[in-house]
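[1] generate a structure from the sequence data that follows.
(chains A and B)
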Amino acid sequence: MRASTPDADIDRRDFLYLCALASGALAPGLSAGTAGAQTAPRKGGTLRVGFYLEASTMDPHLSGSKVDRQIYHNIYEPLLTLDVKLGIKPGLAESWQQPEPKILILKLRQGVKFQDGTDFNAEAVRFNFNRMKTEPKSVRKGEVASIESVDVVDAHTVRLNLRRPDAALLATLTDRAGMMVSPKVAQERGAELERNAKGAGTGPFEFVEWVKDDHLLIKRHDGYWGKQGGPYLDRVRYRPIPDDTVKLQSLQSGEIDVIDYVQPRDVAGVRADRNIVMLDVPSLAAFSYQLNHTRPPFNVKALRQAVAYALDLDQIVKGVWLNVGTPANGPVPPTSWAYDKTIPFIKRDLAKAKAKLAEGGKPSGFAFTITTANIPINVQEAEVIQAQLAEAGMTAKIKLVDAATQLSDGNSKSFDMISYQWSGRPDPDGNIYQFFKTTPGTSLNWSGISNPQIDALLDKTREVSSQAERKKLYSELTKILQDELPMVYIVHPIEPKAMSPKVQGYEPIPDGMMRFKDVWLKA
Amino acid sequence: MGRLVLRRLLATVPVLLLVTAGVFALIHLTPGDPVDVMMAESVDDSVKTTLRRQLGLDQPLYLQYAAWMGKLLRGDLGRSIRNGEPVIENVGRRIRPSLQLAALAMAISLVVATPLGILSAARRNTSVDRFGTTFALFGICMPNFLLALLLIFFFGVKLRWLPISGYLDPFEEGLPGLRSLVLPALTLGLALAAVVTRTLRSSMLDALSEDYVRTARAKGLSESRVIRGHVLKNALIPVVTVLGLQLGTLIGGAVITEYVFALPGVGRLVVDAVFARDYPLVQGVVLLIAIGFILSNLAVDLLYGWIDPRIRHR
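    Residues are numbered from 1 along each chain as shown, chains lettered A, B, ... in the order given. This next block holds a predicted model:
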């Protein structure tokens, strides 16, 4: 079972069917889904969703947590959206034009109101971009950095004037950086928006309440502008259930209807459960290790290469990830249009690893530390890597840390080799640029790589607008990264989601976000 | 009695000072900071610097501690960095489930352990005693996360009698609220019952071999009166000590149980706060937990005097 890129010529239903087949969803689940497709969607009911952790804020411009995005995609709407093949679709903007590389004109949808009754229009868009750029706590500043200014052309048209060509901008606007918040709510309720998003979005569901650490409730937005499809559900109730086993058991016992992620260790058991439908949703994620270029031992390229040649990714993906993922050839996931399947992942070659050790001046091996999060699957992975490296003569010590220490070690470059799990962005730029571009100070470029050739290519990927040409550039970058090795890529994981067979109409988009607009519950 | 309470309360002041200084030093010396955690995805260094300045994190540690102490003396525990709400509100919201869980667990442990401990001691080396000691051994050895998962599997997934996770307030929701606490309270209560059974059994066995018990029996008192009037009362001191210590642990430290059952209690709050490096929240909650411990120990000391007047007169 491998994550596969959906073929260009299959439609949504085929894709869902393939996903279900790939996940080995058993006959009852599958037939429930098929039956559901034939019967008309039914309004009503409360969908109960279990997440592994609690949301951190209800303000999309201040959010830095993946679970927040899961909720936002039901309350707020971005200017543009993604289809199942990660293509860009109209969202709150019904069309867009790029008359020249540094101008993006967005035609906004008319007749859309925020849930507080105010109009969504060009002024609201300008307000939102200004807020993202100027709000002191904004986490979106980097994403909208290419936008110099926003002009209101008319009530339903805005022009984004860019500092530099930015081919990734359209994809960026499909997530939090494109999400529109009611200017009235942001101005009048300000800081309270972090805890209470009442009336703040235009989405199919409205925020009702958030009882911290217990539940977050949203209800159907009856004034939703979209007249096709849902929203059908009366309410969606999100609950944080930190323990994965308990979360799964809650689904099995019928206490909740959907869970966001099934751990690889539980995948076989869930498949065998006739009362659960599991969907393998290939993700955009890339799990890897950053190698510190700024200090020994990994300031020597040959030693970085020795590590890469010593690793057996096939074995790691089979043994640790239980095949719930695919070995990674680089930062671009197989779900992306930019993925180049002709580039193989780095295969294990112990002779080559030893030759590289000699070339790096350490023929008898060397010792270093692997820093990783103290989470069972990360620990297992690090132990397997430790054993594989030992066979090539390298001694790795494992340092287990919590997330805050990992961030601190990474930002201060106090590590030799550190795990990095990136949930991924729809445009390859979001998975590449900030990790490899020469950046002074704190950045996601923890490895500290500074390579003029990579920098030039990275800039070019933003300037070129043709997708085919960008794909070529990303292929070139992937090959250079396999040689330079600022990061050793291990796996592009699949993110299996599990749900009760009564949940119908769920469309798995590889960004992993659960959009419930067209979801309904079978009686 | 009043003077004893006052003296004990005054003696807690240096303890609390030490606790606050210790926790402050430990959490600040741990690598990582709250701004990094909040802004993990942000590449903008200036935003982080501004935020650190706003939060006073750019100040030397002793100044930060002095500022925190200054606020504390005015009765202000500060605000959580993560959610901006006052620490006291965060704790206020979480203390209810923790207290209810602790009370129910304590009740379960007493209901199970009292008869079992007494019977084990009174009928030593019989099948009842063997059952009691086996139960105690099992309860002490069983890690509570494993017991929790087993209880969830049988009562939640297989039999579907009880909810698996989440919390409803029994005072607001009634029976469903009580049901939501049964499995976590059983997890904690059975482990505590094991400890109490063992303690009660051994202290009763000690008391049973005392001269006054022989005298009471010689006077012709029935065995039940001997146990109730002479043995049990004298055997209670170690049991009360264990219960007092466990009460503090239950309120502040039922972390694993709260995690497994997704209960929004104080234990989970403090662990989440440590992970987020939410300094004011960690300091505030640990201070309150320390006060809870001190008060429960004080209550235990006062109970000693009530159970055994000799202690009061000393």
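
[2] my read is that A:S465 contacts A:P101, right?
    Yes: A:S465 is in contact with A:P101 according to C-beta atoms under 8 Å; the separation is 6.5 Å. Just so you know, the C-beta spots here come from the backbone N, C-alpha and C atoms, and that holds for glycine as well.

[3] which residues are common contacts for the two?
    Residues touching both A:S465 and A:P101 (C-beta atoms under 8 Å, 6 or more residues apart in numbering or on different chains): A:P165.

[4] next one: phi and psi at A:L62?
    phi -110, psi 0 (degrees, to the nearest 10).

[5] got a list of what the closest residue to it other than its chain neighbours touches?
    Take A:L62 and drop its neighbours on the chain: the residue closest to it by C-beta to C-beta, 6 or more residues apart in numbering or on different chains is A:K137, 5.1 Å away. With contact set as C-beta under 8 Å, 6+ apart, A:K137 has these partners: A:62, B:47, B:51.

[6] what comes up buried for the one helix or strand the second one maps to?
    Under the assignment given by DSSP states H and E, the secondary-structure element containing B:V47 is helix B:45-55. For helix B:45-55, a neighbour-count test (16 or more other C-beta atoms under 10 Å in any protein chain shown) marks B:47-48, B:51-52, B:55 as buried.

[7] quick one, what contacts the residue in chain A positioned nearest to chain B?
    Proximity of chain A to chain B (C-beta to the nearest C-beta) peaks at A:A404, 3.1 Å away. Contact analysis of A:A404 by C-beta under 8 Å, 6+ apart lists B:30-33, B:36-37, B:275-277.

[8] my guess is it is in a helix, correct?
    Yes: according to DSSP: H, G, I helix; E, B strand; the rest coil, A:A404 belongs to a helix.

[9] need the pLDDT of the nearest residue to it once chain neighbours are set aside.
    Excluding the flanking residues, the one nearest A:A404 by C-beta to C-beta, 6+ apart is B:G32, at 3.1 Å. pLDDT recorded at B:G32 is 82.

[10] next up, phi/psi of B:G32, please.
    Residue torsions, per degrees, to the nearest 10, at B:G32 are phi 100, psi 150.

[11] so what's the residue count around it?
    When neighbours are defined as other C-beta atoms under 10 Å in any protein chain shown, B:G32 has 22 of them.

[12] point out where the chain drops to low pLDDT.
    I'll assume chain A. Applying pLDDT under 70 to chain A flags residues A:1-38, A:441-442.

[13] try again with chain B
    The model of chain B has pLDDT under 70 over residues B:1, B:41-44, B:252-253, B:312-314.

[14] quick one, what contacts the residue of chain B at minimum distance from chain A?
    Taking C-beta to the nearest C-beta as the measure, chain B has B:G32 as its residue closest to chain A, at 3.1 Å. By C-beta under 8 Å, 6+ apart, the contact set of B:G32 is A:402-408, B:277.

[15] which residues of the stretch 251-400 of chain A fall in strands?
    Taking DSSP state E, counting those that start in this stretch as the criterion, the stretch 251-400 of chain A contains strands spanning A:258-259, A:277-282, A:286-291, A:325-327, A:367-373, A:395-401.

[16] in its sheet, what does the second one sit against?
    Take DSSP bridges as the rule and strand A:277-282 pairs in its sheet with strand A:487-499 (antiparallel).

[17] now the strand it pairs with - C-alpha only, CSV.
    Output in CSV follows, covering the C-alpha atoms of strand A:487-499 (Å, rounded to 0.1, in the frame of the first residue of the first chain):
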residue,chain,number,x,y,z
MET,A,487,17.9,17.4,5.3
VAL,A,488,17.6,13.6,5.0
TYR,A,489,14.0,12.8,4.0
ILE,A,490,12.5,9.6,5.3
VAL,A,491,8.8,9.3,4.6
HIS,A,492,5.8,10.9,3.1
PRO,A,493,3.2,9.6,5.5
ILE,A,494,-0.4,8.7,4.6
GLU,A,495,-2.9,10.2,7.0
PRO,A,496,-5.6,7.6,7.5
LYS,A,497,-8.9,9.0,8.7
ALA,A,498,-11.5,6.8,10.2
MET,A,499,-15.2,7.3,10.5
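
[18] hmm, back to that, so the residue nearest to A:L62, which of the three states?
    Here A:K137 is coil, with the state taken from three-state DSSP.

[19] angle of the next helix or strand after the helix holding B:V47 against helix B:45-55?
    Using DSSP H and E, the helix or strand that directly follows helix B:45-55 along the chain is helix B:61-73. Helix B:61-73 runs at 50 degrees relative to helix B:45-55, counting by axes from the mean of the first three to the mean of the last three C-alpha atoms, to 10 degrees.

[20] packing partners for helix B:61-73?
    helix B:2-29, helix B:279-307 (3 or more C-beta pairs under 8 Å, 6 or more residues apart in numbering or on different chains; DSSP states H and E).

[21] buried ones in it?
    Within helix B:61-73, the residues scored as buried using 16+ other C-beta under 10 Å are B:64-65, B:68, B:72.

[22] now render those as TSV, adding distance to A:F127.
    Output for the buried residues of helix B:61-73, formatted as TSV (distance: C-beta to C-beta, whole Å):
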residue	distance to A:F127
B:Q64	37
B:Y65	41
B:W68	38
B:L72	41
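
[23] next, A:P60: phi, psi?
    Main-chain torsions, A:P60, degrees, to the nearest 10: phi -60, psi -20.

[24] do A:P99 as well
    Main-chain torsions, A:P99, degrees, to the nearest 10: phi -60, psi -30.

[25] any idea how far the helix ranked longest in chain A is from the chain center?
    Ranked by residue count and defined by DSSP state H, the top helix of chain A is helix A:467-484. Its chain's C-alpha centre and that of helix A:467-484 lie 20 Å apart, by C-alpha atoms, centre = their mean, to the nearest Å.

[26] and that helix, what other elements does it pack with?
    Using 3+ C-beta pairs under 8 Å, 6+ apart, helix A:467-484 sits against helix A:301-310, helix A:429-436, helix A:452-463.

[27] contacts for it?
    A:167, A:301, A:304-305, A:308, A:329-332, A:337-338, A:340, A:342-343, A:346, A:428, A:432, A:436, A:449, A:451, A:453-454, A:457-458, A:460-461, A:464, A:487.

[28] cool, and stretch A:293-304?
    A:291-292, A:307, A:356-357, A:359-362, A:366, A:368, A:413, A:416-417, A:447-450, A:484-486, A:488.
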